[in-house]
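# Sequence isn't available, so here's the structure alone:
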């Protein structure tokens, strides 16, 4: 991996390089360079030119676009997340999808003594928890079916959903209502509400959630938490250009 990255780094200064040029610039054995370059070509990170040279592959453009989108949504969302935490008093999380997982990219912890802690960088399956599941709910139908068919259905807590048949009607309801709710799905005695964040093209690029101990997410307070989460997610979406 380190050698492959070293080769990719060369293309920051060179638009196109031949195999012999890569060998000369890196000082690596020709067999090592040949093997690494072949791997980079197979994965779409390098492209073979008509004259047998190499240049950066289009897959890197996809990665760059994803990074830009995620940096954009994180930067735009943060002030709204701060306001939501101040208004409601619960922890606020921002999550994006990474393949078949959800990854937490930003959080603002509650200041209350009893709270739910989440680490930035934490991952969770898309079927478990309100915020991961809202991303799954708004994925394309074909993609959603594939993700459900290939899920490992690991049980994290007493409320974790255990099958495609159990999750499907919940996903459908989330698509209709525009929010998701979970109780003891990833951690015992923790609850969350979540809403989708849309970009300028109408795609869901992130999920916003409130999380806290279950005793503060009871029937009397839940409608208020849902409404505040949906309202904040809508404001972030508007700031990202969604209409």
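Nice, I can see it. Every value quoted in this text rests on a predicted model; they were computed, and no experiment measured them.
# Buried residues in the lowest-mean-pLDDT helix or strand in the chain, which are they?
Among the helical and strand segments of the chain, the one scoring lowest on mean pLDDT, DSSP states H and E is helix 59-88, with a mean of 83. Across helix 59-88, burial judged by 16 or more other C-beta atoms under 10 Å covers 69-70, 72-74, 76-77, 80-81, 84-85, 88. In this view, the C-beta of every residue, glycine as well, is placed from N, C-alpha and C.
# Out of those residues, which is nearest to residue 140?
Within the buried residues of helix 59-88, distances to residue 140 taken as C-beta to C-beta reach their minimum at residue 69, with 16.9 Å.
# Now do the SS call for residue 31.
The assignment at residue 31 comes out as helix when based on DSSP: H, G, I helix; E, B strand; the rest coil.
# so how far is the least confident helix or strand of the chain from its chain's centroid?
Centre-to-centre, helix 59-88 and its host chain are 10 Å apart (C-alpha atoms, centre = their mean, to the nearest Å).
# and the next element down the chain from that helix?
Once helix 59-88 ends, the next helix or strand along the chain (criterion: DSSP states H and E) is strand 91-98.
# what residues does that following strand touch?
Strand 91-98 is contacted from outside by 70, 73-74, 77, 81-82, 84-85, 102-110, 115-118, 123-124, 126, 131-132, 135, 139, 192, 194, 205-212, using C-beta atoms under 8 Å, 6 or more residues apart in numbering.
# Report the rounded mean pLDDT for it.
The average pLDDT within strand 91-98 is 95.
# is it fair to say residue 207 lies in a strand?
Yes: under three-state DSSP, residue 207 falls within a strand.
# In contact with it, which residues?
Shown in contact with residue 207 (C-beta under 8 Å, 6+ apart): 94-96, 102, 131-132, 134-135, 194-197, 233.
# Adding distance to residue 51, write these out as CSV.
Below are these laid out as CSV (distance: C-beta to C-beta, whole Å):
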residue, distance to residue 51
94, 46
95, 45
96, 39
102, 44
131, 49
132, 47
134, 48
135, 43
194, 51
195, 51
196, 47
197, 45
233, 50
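# if we take those, which one ends up nearest to residue 222?
Checking the contacts of residue 207 one by one against residue 222 (C-beta to C-beta), the nearest turns out to be residue 194, at 12.6 Å.
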